[in-house]
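[1] Sharing a sequence plus its predicted fold:
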Amino acid sequence: MHNFSTDQANRHQRYILIGILTAVIYLGGISVFGPIVGFSLGVVSSLLYIGFTRYLWEWEWLHDKGLVAVPNLNGSWEGYLYTSADADLIPDEQIVDEGRQIEGLTKQETSIEINQTWDKIRVSLDGPESPSHSRAATILVKEKAWPTLSYNYWNDGSTTNEELDPHYGTAILEYDEGQDKLEGKYYNRPDQRGTHGILEVYRVN
């Protein structure tokens, strides 16, 4: 996983709070157990940091109280990729004809796996012909009606399609909490791949 940035204004306050709790626990331990208390300041701080960033930040009541604004996007997501790639170069069995269609784009099945902590994330897309993995990300929670996940990715290219070389790209997805859906646009570098499209995925677990 890699770090992600966010516009949650009070994010840094959580680290300050961890520092204060560390001092309180450490000094309290000394007052109870004496100067030979088993936990050092560094150990206490590390345990609090790990506990919050990996587990506690997911608690729903923290989100309900507004103490954590960054959405929890962990899980497996399944849905569709609508691509501007030439449909003649896409195998017929990979093209989805039913349901919603977008003019000028070809519909294919896709899935995304998101692993996230309080300050790190990794977005892995299992595309119809090639996988991609995020390299950097930003989660905005204040600018729009819905939180927005933006990330840059590296696509490994295809071993079966000579037209699909390794390339960089960017995706900008809005999170609809009501439908538990991520949807938005993606772009591939013009000098490498030059295609674009829309991602529409729903969380399945």
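    Now that the structure is in, tell me what you want to look at.
[2] And what about residue 8, helix, strand or coil?
    Using DSSP: H, G, I helix; E, B strand; the rest coil, the structure places residue 8 in coil.
[3] which residues does it contact?
    68, 69, 70, 141, 142 (CB atoms under 8 Å, 6 or more residues apart in numbering). C-beta coordinates here come from the backbone N, C-alpha and C atoms, glycine included.
[4] Name only those of these that count as buried.
    68, 69, 70, 141 (16 or more other CB atoms under 10 Å).
[5] phi, psi of the nearest residue to the first one once chain neighbours are set aside?
    In this structure, residue 68 finds its nearest non-sequential neighbour in residue 62, 4.5 Å apart by CB to CB, 6 or more residues apart in numbering. Backbone torsions of residue 62, given as degrees, to the nearest 10, read phi -70, psi -40.
[6] Summarise which helices and strands the helix or strand harbouring residue 135 is packed against.
    Taking DSSP states H and E as the criterion, residue 135 maps to strand 131-140. In terms of contacts (3 or more CB pairs under 8 Å, 6 or more residues apart in numbering; DSSP states H and E), strand 131-140 is packed against strand 2-6, strand 120-126, strand 148-155.
[7] ok, and the helix or strand in the protein with the lowest average confidence?
    helix 11-33 (a mean of 64; mean pLDDT, DSSP states H and E).
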